[in-house]
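Student: Just to be clear, the model below is a prediction. Sequence and coordinates:
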Amino acid sequence: MASKRQFNFFQKLLYFINSIVATILLLSYFLAFVSPKTVPVFSVASLAVPFLIVVNLVFLIYWIIKLKKHFILSGVVLLFGWMFFPPFVKFSKKNTALNSDVKVMSYNVRMFNLYNWITEKDIDKKIMNFINEKEPDIIALQEYYDAKNVKLNFPYQYFVPKSKRNSFGSAIFSKYKIINKGSLDFENSANNAIFIDIVKNKDTVRVYNLHLQSLKLNPQKENFGEANSEKLVDRLKTGFIKQASQVEAFLEHEKQWKGKKIICGDFNNTAYSWVYRQLAKNKQDAFEVAGSGLGKSFNYFFPIRIDFILTDNKTKVHSFKTYSEKLSDHFPIMSRINFD
């Protein structure tokens, strides 16, 4: 009888923890409707939504295995998120290929490993070989380093450095002639948004490369276990506020363009954030349309998708893939898009 009582107590404790985690997840869903400028500290929780989903999945599976009705709690919360918010995981995949497709890639190359964050040799050459092998028609590169040894097979390019003194910034390479280009030049930030206009058949298409303010999450460190957690939270709050201002500036610029468009980039935030909700409004997320799996695009200790390819609703998304190459702290993503 003693062991049975202990087991019951353990179950009660576990369900209590389950209730807290499920409640936090449910509340975190709604942070996508609240600007980080309003209550920035709450935005930190939106970053943890993928982690909270995984924890609730573990609880769901545990209670099902134990044949306990307690699974309903996490089940309902997860179902609610699945129905009304971007999917955490995609089970189906769309894979269509037409000769008229445009292959669009987005990749944060982390300055081609300039400072040897990865000890493996020739990371810069491996990144270049990977890109050239996949043959995207357009590629948006974040944290691009403009060096003489960087050789990519594109006839047209647009590069905007962080400042006149720097050789790194944002770049777009294209196999289509660039007829117009520009930069938003975010204030007080190493991040930026740039764009090019290209002509595909009779369509003029705008391609944005959007790199929002970094939250400085380090894959090699357990940031959420830092000794001084207050510094971490303060840094995240500052980052979220800057992201909100950058999104507002971007949307103001974007609404001036009435034609077809693609928005690529490293948003430095998840699909459960206010940032993503604003940017993805009235657009298609290529991962949601044609991707599969978790879509993990950042090399962190839990699945997190912060790199995106968005299109206007008139554009057809035929495929989407997240590659597993560990040549940066981000994974490259590519989509086949059709404007015909």
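Tutor: In hand now; what should we look at? Source: prediction; values computed, not measured.

Student: Show me what the helix-or-strand element of the chain with minimal mean pLDDT packs onto, helices and strands only.
Tutor: Within the chain, no helix or strand scores below helix 40-47, which has a mean of 80 by mean pLDDT, DSSP states H and E. Helix 40-47 sits against helix 2-29, helix 229-254, with contacts defined as 3 or more CB pairs under 8 Å, 6 or more residues apart in numbering; DSSP states H and E. Where C-beta positions appear, they are placed from N, C-alpha and C, glycine not excepted.

Student: Going along the chain, name the strands of the stretch 151-300 of the chain.
Tutor: Applying DSSP state E, counting those that start in this stretch to the stretch 151-300 of the chain gives strands spanning 156-161, 168-174, 178-183, 192-200, 203-211, 260-266, 283-285.

Student: re the thing from before, elements contacting the next helix or strand after the least confident helix or strand of the chain?
Tutor: Counting by DSSP states H and E, the next helix or strand C-terminal to helix 40-47 is helix 49-65. Under the contact criterion of 3+ CB pairs under 8 Å, 6+ apart, helix 49-65 touches helix 2-29, helix 71-84.

Student: List the buried residues of helix 49-65.
Tutor: Under the neighbour-count criterion of 16 or more other CB atoms under 10 Å, helix 49-65 has 49-53, 55-56, 59-60, 62-63 buried.

Student: quick one on the thing from earlier: with mean neighbour count added, can I get the strands of the stretch 151-300 of the chain in CSV?
Tutor: Shown next, in CSV, are the strands of the stretch 151-300 of the chain (neighbours: other CB atoms under 10 Å):
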stretch, mean neighbour count
strand 156-161, 17
strand 168-174, 24
strand 178-183, 15
strand 192-200, 21
strand 203-211, 22
strand 260-266, 24
strand 283-285, 20
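
Student: of all those, which lies closest to L114?
Tutor: Closest to L114 of the strands of the stretch 151-300 of the chain is strand 168-174 (CB to CB; 7.8 Å).

Student: Domains of this protein: list them as residue ranges, please.
Tutor: With domains defined by automatic domain parsing, the chain comprises 2-84, 102-338.

Student: any idea which of those is most buried?
Tutor: Stretch with highest mean neighbour count among the domains of the chain: domain 102-338 (a mean of 18; mean count of other CB atoms under 10 Å).

Student: What is the end-to-end distance of that one?
Tutor: Start-to-end span of domain 102-338 (CA to CA, to the nearest Å) is 6 Å.
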